[in-house]
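Novice: let me see the structure of the following:
(one chain, ligands or ions: 1)
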Amino acid sequence: MLVNAKEMLEKARDGHYAVGQFNINNLEWTKAVLTKSQEMNSPVILGVSMGAGKYMGGYKVVAAMVRAMDETLGITVPVALHLDHGNYEAAKACIEAGFTSIMFDGSSLPFDENIEKTKELVKLAHSKGISVEAEVGAIGGTEDGITADGEVADPAECKKIVDCGIDFLAAGIGNIHGIYPKNWSGLHFDALEKINQATNHIPLVLHGGTGIPDDQIVHAIRNGVSKINVNTDCQLVFAAATIEYVNAGLAAPTGDNKTKGYDPRKLLKPGYEAIRAKVEEKIKLFGSDNKA
Ligand code: 13P
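Specialist: This is a model prediction of the structure:
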């Protein structure tokens, strides 16, 4: 059931669990996340980065695929289709294309411009029932070729952007996209507490969910994090399972044409199952199972 992300995240905040945002890259990814969330009776957010949107043929293609799959597979748990780290143009395009939620990431813009554009997009998105995530201060790591250091957001800036009417906030607390460096100092829980107070407990978003130790995830959820973004983790297990299948020689033609291990449906199956297993692990960790 496609919905915006506001209500599911407010419920998560009040119930002290978090909803996973799993980034999707293709049909297999989407089906893996949707079917596992349904099996676990968990709300879920499908994240689409600008790069992944382009890769899949454009936002309209993604929206049509997700809507059709949601309906055809009989998905009854709440599902939000969410733009991840969108610029101004991407946010407008996704509102137009039928996404149910957008993230406008103006964190690399001058702060006043971030505020101005966030306000404008909130007005437009809300007029269509679409939820909005915004960001202040860069969150570290590399995503779609953009690199930034693990920053910690300023609570006063967080308050100003929340006052634009956004529904949930991505605020850096030392988190980084991708694989964490060995010398990473961990999440800044003091900053999380200050941001939480300054923003009057708006649902907070933790980007860079891959590689954060479980105890820090649990602590973050207890302190106001209601949405956790996971991307690299699914990519890693998908790649590992696919490589194992290929290395086992199963994709090679056998000559007798019986096994057809090169059939894409067989070739992509181990990766598909690996994503499902990873999503199950995260849903349990985040505590969103049986919360639909
Ligand atoms: P990871 O790739 O580190 O899991 O981060 C995902 C993310 O934050 C998407 O916005």
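Novice: from here on, just use CA atoms for contacts and neighbour counts.
Specialist: OK.
Novice: tell me how far I243 lies from A274.
Specialist: Distance of I243 to A274, given as CA to CA, to the nearest Å: 12 Å.
Novice: more crowded one of the two?
Specialist: Neighbours around I243 and A274, counted as other CA atoms under 10 Å, are more numerous at A274. The numbers are 21 against 15.
Novice: ok, that one touching V237?
Specialist: Yes: contact between A274 and V237 holds when scored by CA atoms under 8 Å: they sit 5.8 Å apart.
Novice: how about stretch 176-187, which residues are buried there?
Specialist: Using 16 or more other CA atoms under 10 Å as the test for burial, stretch 176-187 gives I176, H177, G178, Y180, L187.
Novice: and the stretch 51-200 of the chain, which residues reach the ligand?
Specialist: Taking CA under 6 Å from any ligand atom, the part of the stretch 51-200 of the chain that reaches the ligand is made up of D84, H177, G178.
Novice: give me the subset of the residues you listed that lies in strands.
Specialist: Among those, the members found in strands (DSSP state E) are D84, H177.
Novice: let's have the residues of the stretch 51-200 of the chain next to the ligand in a markdown table, adding pLDDT.
Specialist: As requested, those are exported to a markdown table (pLDDT from 0 to 100):
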| residue | pLDDT |
| --- | --- |
| D84 | 98 |
| H177 | 88 |
| G178 | 90 |
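Novice: the closest residue to K260 other than its chain neighbours and the ligand, how far apart?
Specialist: Take K260 and drop its neighbours on the chain: the residue closest to it by CA to CA, 6 or more residues apart in numbering is P253, 6.7 Å away. Distance of P253 to the ligand, given as CA to the nearest ligand atom, to the nearest Å: 35 Å.
Novice: now do E135
Specialist: Separation of E135 from the ligand (CA to the nearest ligand atom): 11 Å.
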